[in-house]
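S.K.: Below is the sequence, then the predicted model.
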Amino acid sequence: MILVALVGFVGCSAWSIFYSFTASKALPKERFVGFKQYDRLFNSSRWQVSVENIAVYGVCSLIFSISIGFLLAVALDKKIRFENTFRTIFLYPFALSFIVTGLVWQWLLNADFGVAQVVRDIGFSNFEMNILSNRDYAIYAIVIAGLWQGTGFVMALMLAGLRSVDQDIWNASRIDGIPSWQTYLFIVIPMMKPVFITTLVIIASGIVKVFDLVVALTAGGPGGASELPAKYVYDYMFMRGNLGQALAASTVMLSTVLIILIPWAYLEFSRKRENSK
Amino acid sequence: MSDQQVSVQNIGPNGPKPSRVISLGNVLLYGSLGITALIWLLPLYVMIVTSLKGLPEVRLGNVLSLPIEVTFEPWVKAWDSACTGLNCEGLKMGFWNSVQILVPSTVISIAISSMNGYLLSFWKFKGSEILFTILLFGAFIPYQVMLYPLVIILRELGLFSSLSGIVLIHTMFGMPILTLLFRNYFSSVPEELFKAARVDGAGYWRIYFEIMLPMSLPIFVVAIILQVTGIWNDFLLGVIYAGTINFPMTVQLNNIVNSTQGVKEYNVNMAATLLTAALPLAVYFISGKLFVRGIAAGAVKG
């Protein structure tokens, strides 16, 4: 049973990497062209736009989801009332699919009838908000939708991390008269480093694969301005019949994930080993 | 977004436990939490009110206003007769397809993975740790790298574009994370229990069914939550492997909303979106804390 999965995972990945060095078009064939596919990939303007977009998306989502998620977790950790209600509200988008998320935000950001109209109704009658059909801003629509969907999850992870901080530390810092923001900054956050790193890795490896959200929200538009790598792979693989390109692109995606993953796996592994000593 | 940013940041310096009931800190704390919560609820609210309005009202009013005249017409249409291109059968086909994909995928993947987890924690063999590490990497590898070879494999097996094909795919992709879940759970079971059962002569299957299975019901619930929401929300795998007649609900929803010709029926679109979101939302609200456990384990999926 496990072997089946292994053959599936390792075998399939190896197959894809192998064929990314061939001149496969609609069907795979074994005519090797070295790094030509990669050459073409990095020179294609669509791939360049995809990479730029994923960088913008990645940096924005990492910064905002981790900072907002952490602040929400800190707020919820203050023994407040209705903690469960708040947590339920912040986390519910995470139960929804990216397709649903994308479609809701497509409607909310609709230039004619969405939130823009609400602002016009309040009195700013010339207000224009057209980020979905603006080449420069479409990617930020995806960022916003992604944040709405995923921040609650970061909050849940951070909250679990905060709960595992020893209560004695709080007592000690209170006795010493240290303001609590300093306690957070200099004691709690460094203690939670593993939680932050794990969150970072989970989110980052998720970011590389974003696909459904773009499909539902902008379909890569306007005019290909919000394309992302995963969509590039899909389009070249199943729509345009250019397998070599698609596989080269997917291999680049795999390498990116591995670059994020391997140092982390190494870190986790050595930490576990230390603990067991 | 930026307003919310600022207000949330302000609450930092106010200590872990606000002492007085009404203080500046408390007002800021609850105020910013409340505003953030409202922003978070806004999309759900807008979905609901839009789906209950008639189309003229949607076009005239604004997204926040309550429906003047409540109508369930959009819901009926979304379910029964909304169009995806030429085909006007609504979401109901997608719903049943999703159910047909969901049930066997969930059952099979959990059955296999719990066995894997059991095997990996009690019946360690040479190389089992390495096997497990590779399996874990499987959870992180982007699907894109494996898409095409799997198309070929399924085609060779004669399962491409079929229900069994997509079930197989979901089972395979569910395995890493579920195996991790079960392995971690079973490793917390005391080794002595297992040894005692061995001494008493119980074999592999008997220990699994008579000792491990009854003990691990909570983790099964977590696994079910994880798989049900994960598989229901899947888009990529469904669109590639299920085939046009078996398209799951998410794919049909996207087709309805993003490929309508002519007049866009926003109210029908929102009703359709809500219908698709209904099952995972129900699972979420019913399961509560177990859901959090599930997603914490399943976060690496996808």
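M.R.: In hand now; what should we look at? Predicted model, so just to flag it, every value in this text is computed and none were measured. Numbering: from 1, shown residues only, chains lettered A, B, ... in the order given.
S.K.: elements contacting the one helix or strand A:Val100 maps to?
M.R.: Secondary structure assigned from DSSP states H and E places A:Val100 in helix A:98-108. Counting contacts by 3 or more C-beta pairs under 8 Å, 6 or more residues apart in numbering or on different chains; DSSP states H and E, helix A:98-108 is packed against helix A:138-163, helix A:212-217, helix B:24-51, helix B:217-233, helix B:249-258, helix B:266-287. Heads up, the C-betas are built off the backbone N, CA and C, glycines and all.
S.K.: Reformat these as TSV; add distance to A:Ser226, mean pLDDT and mean neighbour count.
M.R.: Listed next are the helices and strands packed on helix A:98-108 as TSV, based on distance: least, C-beta to C-beta, whole Å; pLDDT from 0 to 100; neighbours: other C-beta atoms under 10 Å in any protein chain shown:
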stretch	distance to A:Ser226	mean pLDDT	mean neighbour count
helix A:138-163	4	90	23
helix A:212-217	6	91	26
helix B:24-51	19	90	18
helix B:217-233	21	89	21
helix B:249-258	14	89	25
helix B:266-287	20	91	22
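S.K.: And those: which comes nearest A:Ser255?
M.R.: A:Ser255 sits nearest to helix A:212-217 of all these, at 21.2 Å, using C-beta to C-beta.
S.K.: Measure how the helix holding A:Val100 sits relative to helix B:217-233, angle-wise.
M.R.: Using axes from the mean of the first three to the mean of the last three C-alpha atoms, to 10 degrees, the inter-axis angle of helix A:98-108 relative to helix B:217-233 is 50 degrees.
S.K.: now the very next helix or strand once past helix A:98-108, how far from the chain's geometric center?
M.R.: For helix A:98-108, the succeeding helix or strand toward the C-terminus, using DSSP H and E, is helix A:115-122. Centre-to-centre, helix A:115-122 and its host chain are 30 Å apart (C-alpha atoms, centre = their mean, to the nearest Å).
S.K.: How about the residues of the stretch 201-302 of chain B by chain A?
M.R.: B:229, B:232-236, B:240, B:250, B:253-254, B:257-258, B:266, B:269-270, B:273, B:276-277, B:280-281, B:283-285, B:288, B:291-292, B:295-296, B:299-300, B:302 (C-beta under 8 Å from any C-beta of the partner chain).
S.K.: And the residue in chain A that chain B sits nearest to, its phi and psi?
M.R.: Chain B sits closest to A:Ser97 of chain A, with a gap of 3.3 Å, by C-beta to the nearest C-beta. Main-chain dihedrals, A:Ser97, degrees, to the nearest 10: phi -80, psi 160.
S.K.: and if you look at B:Ser81?
M.R.: With angles defined as degrees, to the nearest 10, B:Ser81 sits at phi -140, psi 20.
S.K.: ok, it - contacts?
M.R.: By C-beta atoms under 8 Å, 6 or more residues apart in numbering or on different chains, B:Ser81 lies in contact with B:88-90.
S.K.: Can you show me the strands along chain A?
M.R.: Here chain A has no strands by DSSP state E.
S.K.: burial of A:Arg40, as a residue count?
M.R.: Number of residues near A:Arg40 (other C-beta atoms under 10 Å in any protein chain shown) recorded here: 15.
S.K.: isn't it right up against A:Ala249?
M.R.: No. Assessed by C-beta atoms under 8 Å, A:Arg40 is found out of contact with A:Ala249, at 10.4 Å.
S.K.: What does B:Gly201 show for phi and psi?
M.R.: Dihedral angles (degrees, to the nearest 10) for B:Gly201: phi 90, psi 10.
S.K.: Tell me the spacing between it and chain A.
M.R.: Distance of B:Gly201 to chain A, given as C-beta to the nearest C-beta, to the nearest Å: 25 Å.
S.K.: so how many other residues sit close to the residue of chain A closest to chain B?
M.R.: 26.
S.K.: got a list of what it touches?
M.R.: Shown in contact with A:Ser97 (C-beta under 8 Å, 6+ apart): A:212, B:232-235, B:250, B:276-277, B:280.
S.K.: redo that, cut-off 7 Å
M.R.: The neighbours of A:Ser97, taking C-beta atoms under 7 Å, 6 or more residues apart in numbering or on different chains as the test, are A:212, B:233, B:235, B:250.
S.K.: now do A:Met192
M.R.: A:Gly161.
S.K.: ok, back up a step: next, report how far the helix holding A:Val100 is displaced from the centre of its chain.
M.R.: 16 Å.
S.K.: Buried ones in that helix, by neighbour count?
M.R.: Neighbour-count burial for helix A:98-108 flags A:98-108 (criterion: 16 or more other C-beta atoms under 10 Å in any protein chain shown).
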